[in-house]
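Asker: sharing a sequence plus its predicted fold:
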Amino acid sequence: MKIIALNIYGYGKITETEINTNQKFVQIFGENEAGKSTMQSFIHSILFGFPTRKEQEPRREPRMHNLYGGKLTVEFPDEPGPVEIERIKGKVQGDVKIYFHDGTVRSEEWLIKKLNFIDKKTYRSIFSFDVLGLQDIHKNMTEDKLQEYLLRAGALGSHEYDEMLSAIDDELKSIYKKNGINPKVNQEIEEIASVNEKIRNLEQNEERYKVLINDQAKTEESLNAKKNALFQLENIRKQKMKEVMYHTEIKEWKSLEDKLNIDPVVFPEQGIERYEGLKNQVQQIQKDIGLRTEKLKSLKNEISAIELPDKSHLGCLEKIQKREPDIKQKKLELSRLNTAVENLEDDILQLQRDIGWREEHDDVDDSNIVKESVQTLLSKLDEAVLEEQYLVREIDHLKTDIKQLDQDIERLENSQISDERLRIKKEVIDREFELKEKEKMFKLIEKDYEREKRERNRVKRGQSILIIGISVIALLIGIYYLFVTNWLMGGVFVAIGIVTLLLLMLTNQKDDDSLKTDYQKEVHELEDIIDTIKRNNDVDFDINDARDLKMDLKTQITKRISSNVKLEEMKDALAVKETLHDSLNTDLLRVKKNLMVNPDIENKYIVDAIHTIREIKQKRNQINRHKLETDNIKKELQDFKTEVKNDIASMNIQYEENSIFYDIKSTVSKMYKNQSHYDRLNDQIKLLENEINVLTERTAVSNTEIEKLLEYVDAEDEEEYYYYARKHTEYHDNIEKFKELSVKLDEEHFDYDSRNELSRFLLADLKEEEENISGQIEEFNQKIQDEQKVLAELNSEISNLESDGKLSELNHMYEMRKNTIQELSREYMSLNYIRILIETHIKAIKDERLPIVIEEARSIFESVTRGRYINVIYDEDGIKVLHSNGQLFHPLELSQSTKEMLYISLRLSLIKALKGYYQLPLIIDDAFVHFDKERKKIIMEYLRNEVTDQVLFFTCNLDNSIPSVQTIKLKERVK
């Protein structure tokens, strides 16, 4: 994956910012507080979600901006075009949308799957490292701790598994330890042993205890039976008490049932209210009709006294009134033009004083040609001045440089080494190289020679044993034949034995080591020659440094000659520029004279003088236009005055210049007021006539409704109607009371039959039954008290046998301790099982991944150390590195920067090993601040040229060797 661009809507103090990162390597430079950490957090947040409370990381919501979030434009190797990942404020981790180049949109699940389910913490631990991570290497670590740290960097990338194992070990030790005292299981075992000892001491009285327990159980069973019977009697007494309590309501319910056993009384719904409402309505309508009739007469008298206006006069006055804004505007315009003319005259006088004119000169040439020629002269003059200043500065700098070069040449000449010493030094170096090669060859030859010698000795021993065996057998056979007087065969076999022994003596001669001795002699001779040359000559210097000194001397002499030539050229150029400067000043003086301006003004104000002359001419033209407009406005005002006087002559209105529009407005307002008053009175008269008609109709309707109500109950008059109303109300009150009593008795579980039955009883009979039940309850209470005394005595004796209740308490405590130990054991075994799984997983990862990582780390480490270390070795003892001189070093023995190089090599190797699973950009935050200039250059070259993934390098120390196209300066972008 490659990040092409960042579009930050609002994140921390960065708002509305777009940054292009479409490079394989990007250096992001910024001072402190410029936003480097904010940008790193932004990239993590867009890819993996905004920080939550559990992460203990600031969310960086902008304080002065509404938008929160932004967008990353990225490239995936398996996608045809760029993909935009947008995350904005929504749920806790933000709302995510993925936009493709073809317009399709995906959800966050697609992104999680695309990143192969990696989370933010894992990404930071593998693909992101900073100076704090490298500083952890230099803490006071033991050998094992440093090995674990490096192995974690090469195999796991994070210390999450180590933290899990440490937490599990701490928890296991807090649960159980073999010889521990404080762990929970150890303490519980001690406690349960103590409880068990106490239980054995108390179990001696167990037989008597069992007898008492049986008697106790029988007494408790009898006591419970009596308590149940007492409970039943209590329920019966409560029922009788309830019957006595509700006997009056039952009687009332029965009487209401008898009263309601008749036909229901018929009456209109809300009959009384309707009747009285209609009656009051008729009376009120009659009053309203009388009031409206009186008001109608008054309005007709008032309307007859109103005088209506003449519509032709009204139209004429309205026409004049509409012209009021235009006339007022013309008067204001006339005043404005007069003021403008006065101001323009003042401005012209001021402008003339600015350029030194005593009067206006209309014939002065202020054309663009003159202006452009002046600008050209000024530009040439500025250029000439700047070049003069530049040449003066350069001449001073060159003189200083020449002086410094002379000092450097003198110093270099004093420190030169002669050619003869250089030749001898080169000869020593060649012979030392030859010696080193011969020593290597001698070691190889010696190794092969020893191996061949061992092989020859082994073959010789086999041959010797074979020959000795043959000779012994031949001699024995020969001796045997000699004993049996077979001299011929005996002599032959004896001769064969002797010959084989002679062969053995000849083949066991000593090996010739002349080849080995010759090589040793050559090496010693070469060493003697080198020592002789070193004793006779001073060769204790670096030949490369000597050559560099000669080259530096030649370079400085060349620079000295070049600087002298350049100094003479610049002096000639300075004389030419001074001549040009004088010529340009003369031309500008001539221009001032043609413009008739003050010749003492500065040259840079000549163009402003031309603009001032133009402005004077423009203002004079503007004054002429204003005067013409003033004459036209005065003529229009005079025509309006004549026209208005003719129109109002017949309306008894006097023409006054300042109050004519006010008088016309008052007259028009009065006409409109009379017309409006007339129309309003006319509308009120029509409204009153309509209301009187409506009220008359409503009176008739109300009377009809009253007659229908009386007919509904077949009443002759109002009194009979009210009688039927009282009968209807009484009937419905009885129904409501009956329903209320029925509900109340139903709630107390009195059904219909029980009500009828209880209504036939007297209250005295119910009370007598209640007293009989109370007597039986008192008898049962006395028996229960007697048995409780017996049970108390048994319990007392049992308590004594239990030693104040300690036996049962100890038994209970024993079971509780036992359950606690079982739970802790299960917890201990579960944690131990999890620990074994994690250790197995870590071992599997190391066995599978570490060989690949170590092999890749070897080449990286050799590259970044410029061949000083040629191998990284991993075995059962951990990681070691091999120096080019053949020595093995433990990481603790390395220097600070070399350890950091080893850590970075392992981390980069892990990233390459995981390339099949993750292809993500690397984020490096000033991780190389402790490197010297050379090492930083090496690691930066490796990151730029060898790392295939995108690298985002955040730093506060700008590296000028990186091209500007690969550099982003945050201080120019952060708002």
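Answerer: Cool, the structure landed.

Asker: pLDDT weak spots in the stretch 501-650 of the chain?
Answerer: Per-residue confidence for the stretch 501-650 of the chain (pLDDT under 70) gives these ranges: 507-519, 647, 649-650.

Asker: which parts of it are strands?
Answerer: Counting by DSSP state E, counting those that start in this stretch, the stretch 501-650 of the chain yields no residue ranges for strands.

Asker: again with the chain
Answerer: Counting by DSSP state E, the chain has strands at residues 2-11, 14-20, 25-29, 69-75, 83-88, 95-99, 105-106, 128-130, 869-875, 878-883, 888-889, 922-925, 951-955, 967-969.

Asker: all helices for the stretch 401-550 of the chain, in order.
Answerer: Under the criterion DSSP state H, counting those that start in this stretch, the stretch 401-550 of the chain contains helices at 419-483, 487-507, 514-536, 543-595.

Asker: any weak-confidence spans in the stretch 701-850 of the chain?
Answerer: For the stretch 701-850 of the chain, the stretches with pLDDT under 70 are 798, 800-812, 814, 817, 828, 831-850.

Asker: ranges for the helices of it?
Answerer: 718-747, 752-759, 763-801, 806-864.

Asker: relative to residue 330, which of the helices of the stretch 401-550 of the chain is closest?
Answerer: With CB to CB as the criterion, residue 330 lies closest to helix 543-595 of these, at 41.6 Å. (Glycine included, C-beta is placed from N, CA and C.)

Asker: okay, now residue 85: neighbour count?
Answerer: Residue 85 has 20 neighbours, counted by other CB atoms under 10 Å.

Asker: report the contact partners of it.
Answerer: 46, 47, 71, 72, 73, 74, 96, 98, 111 (CB atoms under 8 Å, 6 or more residues apart in numbering).

Asker: quick check: the farthest pair among these?
Answerer: 73 and 96 (14.5 Å).

Asker: just to revisit the earlier point, would you turn the helices of the stretch 701-850 of the chain into a markdown table with mean neighbour count and distance to residue 35?
Answerer: As requested, the helices of the stretch 701-850 of the chain are exported to a markdown table (neighbours: other CB atoms under 10 Å; distance: least, CB to CB, whole Å):
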| stretch | mean neighbour count | distance to residue 35 |
| --- | --- | --- |
| helix 718-747 | 14 | 76 |
| helix 752-759 | 14 | 88 |
| helix 763-801 | 13 | 79 |
| helix 806-864 | 15 | 30 |
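
Asker: in CSV: those, plus distance to residue 618.
Answerer: Formatted as CSV, those follow (distance: least, CB to CB, whole Å):
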stretch, distance to residue 618
helix 718-747, 102
helix 752-759, 116
helix 763-801, 123
helix 806-864, 74
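
Asker: out of those, nearest to residue 547?
Answerer: Across the helices of the stretch 701-850 of the chain, closest to residue 547 is helix 806-864 (CB to CB), at 27.1 Å.

Asker: can you tell me which of the helices of the stretch 401-550 of the chain is nearest to residue 378?
Answerer: Comparing these by CB to CB, helix 543-595 comes nearest, at 7.5 Å.

Asker: separation between residue 344 and residue 621?
Answerer: 10 Å (CB to CB, to the nearest Å).

Asker: which one of these two has more residues nearby?
Answerer: Shown here are residue 344 and residue 621; by other CB under 10 Å, residue 344 has more neighbours (17 against 11).
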